[in-house]
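In: give me coordinates for this.
(one chain, ligands or ions: 1)
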Amino acid sequence: MITLALSKGRIFDETLPLLAAAGIEVLEDPEKSRKLILPTSQPGVRVVLVRASDVPTYVQYGGADLGVTGLDTLIEHRAEWGGATGLYQPLDLHIAKCRVSVAVRADFDYANAVRQGSRLRVASKYVNIARDFFAAKGVHVDLIKLYGSMELAPLTGLADAIVDLVSTGNTLKANNLVEVERIMDISSRLVVNQASLKLKQDRIRPIIDAFAAAVAKRTSA
Ligand code: AMP
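Out: Numbers count the residues shown, from 1 in each chain. You can find the predicted model right below:
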């Protein structure tokens, strides 16, 4: 059995066409079913639905052979493991694209605070990305780890700035926040358990190759 770990929403939706290119159709809609294990048109392939931040963990420990996860999640996971995750990362899938940015309240003078060497309170789910970014800039920060609704932090006085994912910028705008730094571009990656790749090479390779061909076709179009 080959197990693919996906998270519901954008990653699931944008992975479906890649699976189709590999001849795999997911037979149930996760928005309509409460099932966490979804069968596919190939009896030897199944999809498991996990929280986005759990995808690298499932694949690392072999709970899934493959997974699709954002580069943001992968960087944070790697930092927790000191880099040694044993995850093989063969492909940038060019899906679920967004960026990690710094945002502040529209009335906060970020440039001036940085120029004056002020100590900033920064709230984020991405504490490792934030720590590395501000360390490289030479800005002193107190990091506050949050698990969601980061936009609230500057609005309530919890923090001066947030480090969060931005796609259209609409969420920031709706909360009277402005993007002041773009830290990195994000897209989703295919990750593979290294032992699975060795032991199930004959079944996993064709999936990787089909994904790669579909990505190449789409990015050259
Ligand atoms: P937007 O309003 O389009 O800028 O989207 C921002 C909101 O969607 C934030 O709450 C982000 O955490 C979330 N978001 C945007 N892009 C992604 C992505 N590729 N994966 C997961 N969450 C995202």
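
In: in the sheet, which residues pair with the residue most central in space within the chain? Tell me.
Out: The chain has Gly70 as the residue nearest its centroid, 2.2 Å off, counting by CA atoms, centre = their mean. Counting by DSSP bridges, Gly70 is bridged to Ser188.

In: quick one: name the residues of the chain near the ligand.
Out: 10, 70, 96, 98, 164-171 (CB under 6 Å from any ligand atom). Using the backbone N, CA and C atoms, a C-beta is placed for each residue, glycine as well.

In: which residues touch Val104?
Out: Applying CB atoms under 8 Å, 6 or more residues apart in numbering to Val104 gives the contacts 110, 154, 160-162, 177-178, 180.

In: if we go to 7 Å?
Out: Counting by CB atoms under 7 Å, 6 or more residues apart in numbering, Val104 makes contact with 110, 154, 160-161, 177-178, 180.

In: show only the entries of the residues you listed found in strands.
Out: Among the contacts of Val104, the ones falling in strands (DSSP state E) are 161, 177-178, 180.

In: state the helix or strand in which the residue nearest to Lys137 when sequence neighbours are not counted lies.
Out: In this structure, Lys137 finds its nearest non-sequential neighbour in Val114, 7.5 Å apart by CB to CB, 6 or more residues apart in numbering. In the assignment (DSSP states H and E), Val114 maps to helix 110-115.

In: alpha carbons only: can I get that helix in PDB?
Out: C-alpha atoms of helix 110-115 as PDB (Å, rounded to 0.1, in the frame of the first residue of the first chain):
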ATOM      1  CA  TYR A 110       8.200  50.000  11.100                       C
ATOM      2  CA  ALA A 111      11.000  51.600   9.100                       C
ATOM      3  CA  ASN A 112      11.700  54.100  11.800                       C
ATOM      4  CA  ALA A 113      11.500  51.400  14.600                       C
ATOM      5  CA  VAL A 114      14.100  49.400  12.700                       C
ATOM      6  CA  ARG A 115      16.300  52.400  12.000                       C
END
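
In: model confidence over the following helix or strand past that helix, on average?
Out: Using DSSP H and E, the helix or strand that follows helix 110-115 towards the C-terminus is strand 120-124. Strand 120-124 comes out with an average pLDDT of 98.

In: neighbouring strands - and their directions - for the helix or strand of the chain with the lowest mean pLDDT?
Out: Lowest by mean pLDDT, DSSP states H and E among the helices and strands of the chain is strand 87-92, with a mean of 92. Using DSSP bridges, strand 87-92 pairs in its sheet with strand 188-193 (antiparallel).

In: quick one: contacts of the partner strand?
Out: Counting by CB under 7 Å, 6+ apart, 11, 56, 59, 62, 65-71, 74, 87-93, 95-96, 204, 208, 211 sit against strand 188-193.

In: same check, this time on stretch 75-88
Out: By CB under 7 Å, 6+ apart, the list of residues contacting stretch 75-88 reads 56, 59-60, 126, 128-129, 191-192, 194, 197.
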